[in-house]
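[1] predicted structure and sequence below. I'll ask about it afterward.
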Amino acid sequence: SDKCTSRLGRRRPYILFGTLAAVAVMMALPILTDSFHASPDAWKQVCFIIGLGILLTAMGAYRSPAVALMPDVTPKPLRSKANAIINLMGALGGIIYLIITTFLYKTTADVYVSYLPLFAIVGGIMLAALAVILLCVDEPKLVAEQRRYEDAHPEDNLTQVTENGETLPKDVKRSLGFLLASIALWFIGYNGVTVIVVPVVSWFTWKFTGQWEQGRTGWAAFAIIIAVLGLLTAWSVAFGTRENQGGLRAKAEANGNPIEAFKAIAQNDQLLWVALSYLLYSVANVATTGVLFYQFKYVLGAPDSFSIAGIIPVITGLGTTPLYPVLNRRIPRRWLYTAGMALIIAPMNLPVVIVALVLFYLPAQTIQMTAILSMTDSIEYGQLKTGKRNEAVTLSVRPMLDKIAGALSNGIVGFVVVAAGMVGNATAADMTAANIRTFKTCAYYLPLAGIVASLVVFLLTVKIDENMHAHIVEQLEGRLASEEADKQ
């Protein structure tokens, strides 16, 4: 959408057609499931999978431009507050969904229900939101006003030169602190879900129904708690950070149409290699973490101890996240990434689950932070190589890879548990040696191969590091200074 030149603006065309496509496909999915329930057919399953892929693509086509519309039309001093409102709307959307489902579906779990009414209501809400965007948001006019505001209020480089070299002002350091705290809290919350999910869901179910189990009321209460915590974490960034508008960003060339943008991304070999390495790691990671509950329930016969799988990453995350910048001062990123991969490979052959989990989660933050920084540095690499700067597209690669891995996680988990016989009324006592062997192969040994492949790709192909990036920035700044001199 950065390259769109429509009369509707850069973002609204994607929002328009993406939303319409998403609503159309979304209405077809429950019809397919109803038809499959009445008359099972393999082709209906294939159509459902294809439709789901189209739906996810359509949603991605409008969601990112919808979020990007905010900074386009909002003055910089107000962007943090505007971002907070966007996050608030996401949390409110989740709460509205829970309220709708509570009133629509009150049947027991063993009775088939059609989700067509739910999808119809959600589709109506989406169309109403689309109408508001098209009728009330004049994107070209607001963007023009925003550009005039920026021209009248130019921003200087945020760094300050002291006798000790360049440093960040106190308010910028405070923003950086809020950002790092938010990332740390996000990881804690993400892994904390594993810690509290069983006891919280069981407790709320017992409170409302008198039965100690994982019921619908418990899951609804759990979702509301997580939504509130996520909202508070997002606000810490929205109200506490400040965006830096450097010269390289402000003076970047126009990037042309979308085809030219993707062509420039395709020419950024360092971004693509980092992305491939990270994708292999992410898929392998979710393949293992997604089935840990089944490890505790069917292999160890101790589902109540599953919270251990969440406590361990919280503790390791608290220890490794603050250490990363300290270690990175003396150890290059590529070797931190290599060390992290080596630690992840190790626990696959350890018999003790707790020790294995510690070694498995210990390098996770190091790997993810290295991948994030390498992808970020590839922005300048691509700018130097192609003459085009593609921040939005480049920075969206890692979230896209996470979404791909997350989408694959459900399919992987389903395949593993079915193949290992961990379905229905089966218990740990019903597991045979063949079941356990199948589970270990799918949950540990095959992901191990993916992690090894990720490490090999990173070591052999990823060349960009701190020194290379510093040299690239120096070249870009020299080129920019030369261009400014030629204009005078």
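    Nice, I can see it. Residues are numbered from 1 along each chain as shown.

[2] which residues in the stretch 51-200 of the chain form strands?
    Along the stretch 51-200 of the chain, the segments classed as strands by DSSP state E, counting those that start in this stretch run 160-162, 165-167.

[3] average pLDDT for the last one?
    Spelled out, it's strand 165-167. Per-residue pLDDT values over strand 165-167 give a mean of 62.

[4] same check, this time on the first one
    Averaging pLDDT along strand 160-162 gives 61.

[5] which element is Arg479 on?
    Element membership for Arg479, per DSSP states H and E: helix 466-487.

[6] kindly report the same for Leu271.
    Using DSSP H and E, Leu271 sits in helix 269-289.

[7] the helix holding Arg479 - contacts with which helices or strands?
    Helix 466-487 makes packing contacts with helix 247-250, helix 364-386 when contacts are defined by 3 or more C-beta pairs under 8 Å, 6 or more residues apart in numbering; DSSP states H and E. Backbone N, C-alpha and C define where each C-beta goes, glycine included.

[8] report the angle between it and helix 364-386.
    Between helix 466-487 and helix 364-386, the angle comes out at 30 degrees (axes from the mean of the first three to the mean of the last three C-alpha atoms, to 10 degrees).

[9] offset the numbering so it begins at 43, please.
    Done: numbering now begins at 43, and the last item shifts to helix 508-529.

[10] could you dump helix 508-529 to CSV, C-alpha only?
    What follows is helix 508-529, C-alpha atoms only, in CSV (Å, rounded to 0.1, in the frame of the first residue of the first chain):
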residue,chain,number,x,y,z
GLU,A,508,27.0,-4.7,13.1
ASN,A,509,30.2,-3.7,11.2
MET,A,510,28.7,-4.2,7.8
HIS,A,511,25.6,-2.2,8.7
ALA,A,512,27.7,0.7,10.1
HIS,A,513,29.6,0.8,6.8
ILE,A,514,26.3,0.7,4.8
VAL,A,515,24.9,3.6,6.8
GLU,A,516,28.1,5.6,6.3
GLN,A,517,27.8,5.0,2.5
LEU,A,518,24.2,6.1,2.5
GLU,A,519,24.9,9.2,4.5
GLY,A,520,27.7,10.1,2.1
ARG,A,521,25.5,9.6,-0.9
LEU,A,522,22.8,11.8,0.7
ALA,A,523,25.3,14.6,1.5
SER,A,524,26.5,14.4,-2.1
GLU,A,525,23.0,14.7,-3.4
GLU,A,526,22.3,17.7,-1.1
ALA,A,527,25.5,19.4,-2.3
ASP,A,528,24.5,18.9,-6.0
LYS,A,529,21.2,20.6,-5.4
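
[11] pull out the buried positions in that helix.
    Within helix 508-529, the residues scored as buried using 16 or more other C-beta atoms under 10 Å are His511, Ile514, Val515, Leu518.

[12] quick check: mean pLDDT of that helix?
    pLDDT averaged over helix 508-529 gives 80.

[13] relative to helix 311-331, how tilted is that helix?
    Angle, helix 508-529 to helix 311-331, by the same axes, to 10 degrees: 140 degrees.

[14] what residues are up against the closest residue in space to Pro182 that isn't next to it in sequence?
    Counting by C-beta to C-beta, 6 or more residues apart in numbering, the nearest residue to Pro182 once its immediate chain neighbours are dropped is Gly51, at 5.1 Å. Gly51 makes contact with Glu181, Pro182, Val185, according to C-beta atoms under 8 Å, 6 or more residues apart in numbering.

[15] ok, of the residues you listed, which come out buried?
    For the contacts of Gly51, buried by 16+ other C-beta under 10 Å: Glu181, Val185.

[16] quick one: the contacts of Gly51 as CSV, columns for distance to Tyr487 too.
    Shown next, in CSV, are the contacts of Gly51 (distance: C-beta to C-beta, whole Å):
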residue, distance to Tyr487
Glu181, 51
Pro182, 55
Val185, 53
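
[17] flag the least confident of the contacts of Gly51.
    In terms of pLDDT, Val185 ranks lowest among the contacts of Gly51, with 81.

[18] that residue contacts Val115, correct?
    Yes - using C-beta atoms under 8 Å, Val185 is in contact with Val115, at 6.2 Å.

[19] identify the residues contacting the residue nearest to Ala447 when sequence neighbours are not counted.
    Nearest in space to Ala447, with sequence neighbours left out and distances taken as C-beta to C-beta, 6+ apart, is Ser324 at 3.7 Å. Shown in contact with Ser324 (C-beta under 8 Å, 6+ apart): Leu443, Asp444, Ile446, Ala447.
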